[in-house]
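**Q** model the following, please.
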Amino acid sequence: MPNIKLYYFDGDGRAEIIRLILAQGDIKYKDERIQVQDWPTLRNSGKFPFEVLPVLEVDGHIICQSVAIARYVARMGGLAGKTSLEQAKADQIAEYLICDLLNQYIQYLLEDDEFIKLHKRQECFEETIPFHLDKFETILIQNGGEYFTGNLTYADIAFYRFANIVKNYFHFEEAAKKYPKLTALYQRVASLPNIKTWEETKPPNQVPF
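**A** Take a look at the predicted model:
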């Protein structure tokens, strides 16, 4: 087994999907949690090629970008998809969740102007998220109703993670009536022993999402 280190701040943020995949894949790694006050020095140390986090170090090799890291550890843990077609199906869902939807949510979360923030909130929670939930529900049904590709992949874990991020702002009890398959998927992933253990034992979150 390679020597793996995951570098991120002391919280969930963009690294949590990676930690969840590592947990489900039962992959041993060192969770290097960087304090905010230490980041300027580390950023300029030359260790982090693009001067951003998260970063995965595998036997001295550095991998950047959260989606690339998630996909890599998913392959390591047998969660990327069993065939090339399954992998593509998983990738399309995961990229929407880890990149497109999360980025829009973060833009809303970090907006300082209250008027603009209200507009972004409406766009995010009344338009974008419901639109994608509808599409995800359809894809789930088309693939057997249990997992996005028919088998458990990192796409399902990415949905679970995103749902946890926005659940304080989105009425999932109401959404459950409209999206029963997605609700069942969330519960299915939450009940996975490795995921459940991670959630019960992980350090407290110190970042906004």
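**Q** buried stuff in stretch 63-82?
**A** Under the neighbour-count criterion of 16 or more other C-beta atoms under 10 Å, stretch 63-82 has 63, 65-67, 69-74, 76-77, 79-81 buried. Bear in mind the C-beta positions are built from the backbone N, C-alpha and C, glycine included.
**Q** and the least confident helix or strand in the chain by mean pLDDT, what other elements does it pack with?
**A** Every helix and strand of the chain was ranked by mean pLDDT, DSSP states H and E. The lowest is helix 172-178, at a mean of 77. Helices and strands touching helix 172-178, by 3 or more C-beta pairs under 8 Å, 6 or more residues apart in numbering; DSSP states H and E, are helix 129-142, helix 180-190.
**Q** need those in CSV with mean pLDDT and mean neighbour count, can you?
**A** Shown next, in CSV, are those (pLDDT from 0 to 100; neighbours: other C-beta atoms under 10 Å):
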stretch, mean pLDDT, mean neighbour count
helix 129-142, 95, 16
helix 180-190, 95, 17
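**Q** those: which one's closest to Leu97?
**A** Checking those against Leu97 by C-beta to C-beta gives helix 129-142 as the closest, at 8.4 Å.
**Q** residues making contact with that closest one?
**A** 89, 93, 96, 101, 146-148, 159, 166, 170, 175, 178-179, 181-182, 185 (C-beta atoms under 8 Å, 6 or more residues apart in numbering).
**Q** how about 10 Å then?
**A** Helix 129-142 has contacts (C-beta atoms under 10 Å, 6 or more residues apart in numbering) with 89, 92-93, 96-97, 100-101, 104-105, 123-124, 145-150, 155-156, 159, 162-163, 166, 169-170, 172, 175, 178-185.
**Q** would you mind getting the angle between it and helix 180-190?
**A** If you take axes from the mean of the first three to the mean of the last three C-alpha atoms, to 10 degrees, helix 129-142 sits at 80 degrees to helix 180-190.
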